[in-house]
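Trainee: quick one, structure for this:
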Amino acid sequence: MNRYLRFTSLWTASILLFLTTGCWSSNEIEDVSVYVGLGLDTANESSFERDINKQGATYPKKKVLTATVQIVPPIAGKNEKQGGSSSSSPSKAYLNEQLTGDSIIQIFRQFALRRDRPLIGHHLKVIVVSSELAKRYSLEQVFDFILRDNDIRPSCLVVVSHRSALEALSSTEPGEIPAFYLMGLVDNRYRSNKIIPPVTLIKLDSAMQSGESFLLQNVVTAQSEHKFSGAAIFKGKTKKWIGELSQYDLEGLSWITADVMGGALKTYAPKTGHTVTFEPKKSHSTIIPKVQGDDISFHIKVNAEGRLIEDWSFPEIPSSGGYISEMEQQFEEEARKQIEQVLNKMQHVYHVDVGGFGNEIRIKHPKVWKKVQENWDETFSHIPITYEVNMRITDFGSSTD
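Mentor: Residues are numbered from 1 along each chain as shown. Have a look, this model is predicted:
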């Protein structure tokens, strides 16, 4: 019996030895170029590319787009300038390298001709698309390879740059890696309702497959500093950039979609004109579709609770019932203005539904949805929408009043 157990154990150990071969296909981190950011712009060849093209170092291609890869060297901040086009300096913790062509996969393979370490996208954090490129080409075209490539994680963030993607992936701050910086801004959603829920690569693919219009966070750049400001609008049918919503618009949209996680709602006291600010702590909204025959309408109910966090209208007494009621009405009016403005842009300026109204019809009236889904954006543009807002002040911070 013991001999049998020893034989079985030896046989099992031998089998496991062959199965646990470790990471046989792995590459050491020092032997690869890890890129954490990808920028996509309209074609704009670098001086390096123009110089080598004069020497005949080119291949058949059209000038469609320029791809920027943001590489983190094995030793952060190490200057590994190669080929004469890297925008690094000894104080920078990243390298930005660019190539131009008409195929992203071919551009990536071209990097193998100029870098001794192959590119790997397993740690890609953010993809930045310039609005100019998104105007010319459908995102389905631009992202075709990216969505097919197994090396790129579907959880990476996708944003739109108001100007060039290269600018959004550049920084003069020592030690800063712009791709990580942009990812970090998303975590501030609990502080501001001007940041939309992050759109990852997998969510973008889902939005494009649905055929519905959608938003991507917009990035603006000035003096090598970056800021989230508004959102880019993409038409469902074309998947192309058609316009932008402002920061104020996103505040209004957040009330409609019940996506208020933080922020501040500012108004002015009617008597003195002084600043008064409301900090929402709880928010709930409901979009109610109403269908009568072929007629569709919506009613939005918004309820929010929060604190009176700032008040410049002294010597008003916040604890007085009349004053609280008056300020609640002021905050309600301001929220209604925000909602009215974003609805006007959706319905009458851009003719798109990016507020989830169609989804409510699809869920609650599926038969009606089948009739209108083909041209929903245009149908939505003519649908009457009413709304009501209720704000409740529950506390006054740490004020002694």
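Trainee: where do the helices sit along the stretch 1-150 of the chain?
Mentor: Using DSSP state H, counting those that start in this stretch, the helices of the stretch 1-150 of the chain run over 2-19, 47-54, 104-110, 131-136, 139-142, 144-148.
Trainee: dump the ones you listed into JSON lines; add distance to residue 328 and mean pLDDT as well.
Mentor: Where you see a C-beta, it was placed from the backbone N, CA and C, and this is true even at glycine. JSON lines is the format used below for the helices of the stretch 1-150 of the chain (distance: least, CB to CB, whole Å; pLDDT from 0 to 100):
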{"stretch": "helix 2-19", "distance to residue 328": "67", "mean pLDDT": "67"}
{"stretch": "helix 47-54", "distance to residue 328": "60", "mean pLDDT": "89"}
{"stretch": "helix 104-110", "distance to residue 328": "53", "mean pLDDT": "91"}
{"stretch": "helix 131-136", "distance to residue 328": "39", "mean pLDDT": "96"}
{"stretch": "helix 139-142", "distance to residue 328": "42", "mean pLDDT": "95"}
{"stretch": "helix 144-148", "distance to residue 328": "47", "mean pLDDT": "94"}
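Trainee: reformat the ones you listed as CSV; add mean neighbour count.
Mentor: Converted to CSV, the helices of the stretch 1-150 of the chain look like this (neighbours: other CB atoms under 10 Å):
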stretch, mean neighbour count
helix 2-19, 9
helix 47-54, 13
helix 104-110, 17
helix 131-136, 18
helix 139-142, 18
helix 144-148, 15
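Trainee: out of those, flag the one nearest residue 338.
Mentor: helix 131-136 (23.7 Å; CB to CB).
Trainee: who touches the closest one?
Mentor: The contact list for helix 131-136 (CB atoms under 8 Å, 6 or more residues apart in numbering) reads 40-42, 65, 142, 160-165, 218, 232, 234, 240-241, 244.
Trainee: and the residues you listed, which are buried?
Mentor: Listed as buried from the contacts of helix 131-136 are 40-42, 65, 142, 160-162, 164-165, 218, 232, 234, 240-241, 244; burial here means 16 or more other CB atoms under 10 Å.
Trainee: out of the residues you listed, what pair is the most spread apart?
Mentor: So, these by CB to CB: farthest apart are 65 and 244, at 21.1 Å.
Trainee: what about residue 333, which SS state?
Mentor: Three-state call for residue 333 (DSSP: H, G, I helix; E, B strand; the rest coil): helix.
Trainee: can you check the one 3 residues further on too?
Mentor: When classified by three-state DSSP, residue 336 comes out as helix.
Trainee: pretty sure it sits against residue 386.
Mentor: No - in this structure residue 336 lies outside contact range of residue 386 using CB atoms under 8 Å: 10.9 Å.
Trainee: which of the contacts of helix 131-136 fall in strands?
Mentor: Secondary structure from DSSP state E places 40-42, 65, 160-161, 218, 232, 234, 241, 244 of the contacts of helix 131-136 in strands.
Trainee: low-confidence stretches in the stretch 301-401 of the chain?
Mentor: 314-319, 398-401 (pLDDT under 70).
Trainee: which stretches of it form strands?
Mentor: Taking DSSP state E, counting those that start in this stretch as the criterion, the stretch 301-401 of the chain carries its strands at 385-395.
Trainee: ok so residue 215 is a helix residue?
Mentor: No - counting by three-state DSSP, residue 215 is not part of a helix but strand.
Trainee: that one touches residue 196, doesn't it?
Mentor: Yes - at 5.8 Å, residue 215 and residue 196 qualify as touching, with contact defined as CB under 8 Å.
Trainee: any idea what residue 234 is bridged to?
Mentor: Applying DSSP bridges to residue 234 yields these beta-bridge partners: residue 214, residue 241.
Trainee: how far away is it from residue 240?
Mentor: According to CB to CB, to the nearest Å, residue 234 and residue 240 sit 7 Å apart.
Trainee: what touches both of the two?
Mentor: 134, 139.
Trainee: many thanks, I have nothing further to ask.
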